[in-house]
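Engineer: Sequence and predicted model, in that order:
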Amino acid sequence: MHIIEKKILNQIITTRPLESHKGNFGRVLTIGGNIQFGGAIIMATSAAVHCGAGLVTCATSMNNLTSLHTIVPEAMYIDYQSDFLLIDAITRADILLIGPGLGTDTTSLQILQTVLQNTSSQQLLIIDGSAISLISLHHEFFPLIKKIHPIFTPHQMEWERLSGIKISVQDDVKNTLFQQQLQSTVILKKHHTTIYHRDGSISKLQIGGPFMATGGMGDTLAGIIAGFLAQFKLKHYEHVIDAAVYTHSAIAKELSNNKYVVLPTDIINEIQRFMQENSGGI
Ligand SMILES: NC(=O)C1=CN([C@@H]2O[C@H](COP(=O)(O)OP(=O)(O)OC[C@H]3O[C@@H](n4cnc5c(N)ncnc54)[C@H](O)[C@@H]3O)[C@@H](O)[C@H]2O)[C@@H](O)CC1
Ligand SMILES: Nc1ncnc2c1ncn2[C@@H]1O[C@H](COP(=O)(O)OP(=O)(O)O)[C@@H](O)[C@H]1O
Ligand SMILES: [Mg+2]
């Protein structure tokens with residue numbers, strides 16, 4: 001087990017080559033946001049854009065179109081209920097994020113199934129929020145999951161649902177056992193988030209605090225992870241994930257110096273500055 005240190009930042013967030021364009025910084029597809037939880041997928045999408053993902057498309061409910069374009073006009077939109085558009089967008093994406101605000105009804109389940117069936121092992125899939133809760137109820141997806149090797153980002157209750165390990169008895173030994181069965185990365189979110197990597201290593205975060213306990217905080221983290229993976233894809237995969245998780249809480253910690261609570265959107269607004277201040281060489 002190792003503690004994620006600040007020095008990871010300038011190893012991962014490097015200077016961009018002059019000869020580059022948006023195509024070099026990854027295509028992200030975010031999928032979620034039903035009529036009740038539109039804000040979740042908009043925050044995730046906005047976080048990915050603010051991290052510097054080259055092209056970001058949001059597959060969401062039509063109800064969210066106006067808000068999405070008002071808040072983050074850089075993002076493109078598709079109606080997540082169109083199978084044709086969704087499959088086409090999945091095929092084009094480098095990084096996919098499903099779950100923030102997806103909900104758990106039959107429409108949500110259908111969308112999750114389309115995503116799992118059409119994602120290849122060459123792409124990186126992040127599974128968050130409602131998508132984790134749905135998979136917990138549908139173990140028939142496990143064979144597909146084991147082929148895709150996704151990144152799960154559960155909080156402790158979502159991890160209990162998925163793994164069957166009660167929150168009170170979750171520990172590194174039990175968590176690793178189930179994570180290895182899933183053949184996936186697991187980012188277990190809590191005070192001092194723990195990351196179980198596919199290579200068997202475990203990273204722990206020692207920053208962050210209760211000033212982060214606001215709805216949308218995990219949706220924003222998922223978007224940051226997508227944005228980091230999209231553009232730093234040539235770097236060591238485990239380190240990119242650690243750097244993204246560190247960045248999210250480090251910004252929150254900075255802001256908590258003069259804010260009692262830090263909002264997810266406060267973090268999003270500081271990502272560009274924070275990345276510039278903590279970027280390193282080539
Ligand atoms: N503005 C929005 O649209 C928001 C939408 N959200 C979406 O709402 C859906 C349901 O997610 P929720 O997480 O709210 O609901 P869940 O029912 O999945 O989980 C919340 C429950 O888990 C418990 N819990 C135990 N340990 C926890 C831990 N370490 N961290 C967090 N909760 C813990 C909480 O007490 C709470 O009762 C997701 O799709 C999510 O993305 C939420 O992110 C809230 C904001
Ligand atoms: N007390 C705390 N200490 C450290 N981090 C916290 C604390 N409370 C919440 N967080 C962080 O906030 C995020 C919450 O994620 P999640 O529960 O999925 O939020 P949401 O689904 O509402 O977006 C996680 O990254 C978690 O680690
Ligand atoms: Mg969440």
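Structural biologist: Okay, I see it. Ligands and ions are numbered 1, 2, ... in the order given.
Engineer: And the residue nearest the centre of this structure?
Structural biologist: Ranked by distance to the mean C-alpha position of the chain (Cα atoms, centre = their mean), the top residue is A222 at 2.1 Å.
Engineer: which residues sit in contact with I271?
Structural biologist: I271 sits next to 47, 50-51, 224, 247, 251 when contact means Cβ atoms under 8 Å, 6 or more residues apart in numbering. In short, each C-beta sits where N, CA and C put it, glycine included.
Engineer: re earlier: what distance do you get for the residue nearest to the centre of the chain to E5?
Structural biologist: Between A222 and E5 the computed distance is 23 Å (Cβ to Cβ, to the nearest Å).
Engineer: before we move on, what about R16?
Structural biologist: When R16 is compared with E5 (using Cβ to Cβ), they lie 24 Å apart.
Engineer: ok, those two, which is more surrounded?
Structural biologist: Legend: neighbour count by other Cβ atoms under 10 Å for R16 and E5, higher for R16 (13 against 10).
Engineer: which SSE is the more buried one in?
Structural biologist: Using DSSP states H and E, R16 maps to neither a helix nor a strand.
Engineer: Which ones among the contacts of I271 map onto helices?
Structural biologist: Taking DSSP state H, the ones among the contacts of I271 that sit in helices are 47, 50-51, 224, 247, 251.
Engineer: Most neighbours of all the contacts of I271, which one?
Structural biologist: When neighbours are counted as other Cβ under 10 Å, the busiest of the contacts of I271 turns out to be A47, with 32 neighbours.
Engineer: what about the residue of the chain found nearest ligand 3, neighbour count?
Structural biologist: Going by Cβ to the ion, ligand 3 is nearest to G218 of the chain, at 3.2 Å. Look at G218: counted by other Cβ under 10 Å, it has 26 neighbours.
Engineer: now the helices: where do they sit in the stretch 101-250 of the chain?
Structural biologist: Listed in chain order, the helices of the stretch 101-250 of the chain (DSSP state H, counting those that start in this stretch) span 106-118, 129-137, 142-148, 156-163, 172-182, 217-231, 237-255.
Engineer: of all these, which gets the most neighbours per residue?
Structural biologist: Compared across the helices of the stretch 101-250 of the chain, helix 217-231 shows the largest average neighbour count, a mean of 28 (mean count of other Cβ atoms under 10 Å).
Engineer: Show me what that one is packed up against.
Structural biologist: Counting by 3 or more Cβ pairs under 8 Å, 6 or more residues apart in numbering; DSSP states H and E, the packing neighbours recorded for helix 217-231 are strand 27-31, helix 38-51, strand 95-98, strand 124-128, helix 129-137, strand 151-153, helix 237-255, helix 264-277.
Engineer: Dump it to CSV, keeping only the CA atoms.
Structural biologist: Extracted in CSV, the C-alpha atoms of helix 217-231 (Å, rounded to 0.1, in the frame of the first residue of the first chain):
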residue,chain,number,x,y,z
MET,A,217,-18.8,15.6,-5.4
GLY,A,218,-18.4,12.0,-6.7
ASP,A,219,-19.9,12.9,-10.1
THR,A,220,-17.2,15.6,-10.4
LEU,A,221,-14.5,13.1,-9.4
ALA,A,222,-15.7,10.7,-12.1
GLY,A,223,-15.4,13.5,-14.7
ILE,A,224,-11.9,14.4,-13.6
ILE,A,225,-10.8,10.7,-13.9
ALA,A,226,-12.2,10.6,-17.4
GLY,A,227,-10.5,13.9,-18.4
PHE,A,228,-7.1,12.7,-17.0
LEU,A,229,-7.3,9.3,-18.7
ALA,A,230,-8.3,10.9,-22.0
GLN,A,231,-5.3,13.1,-22.3
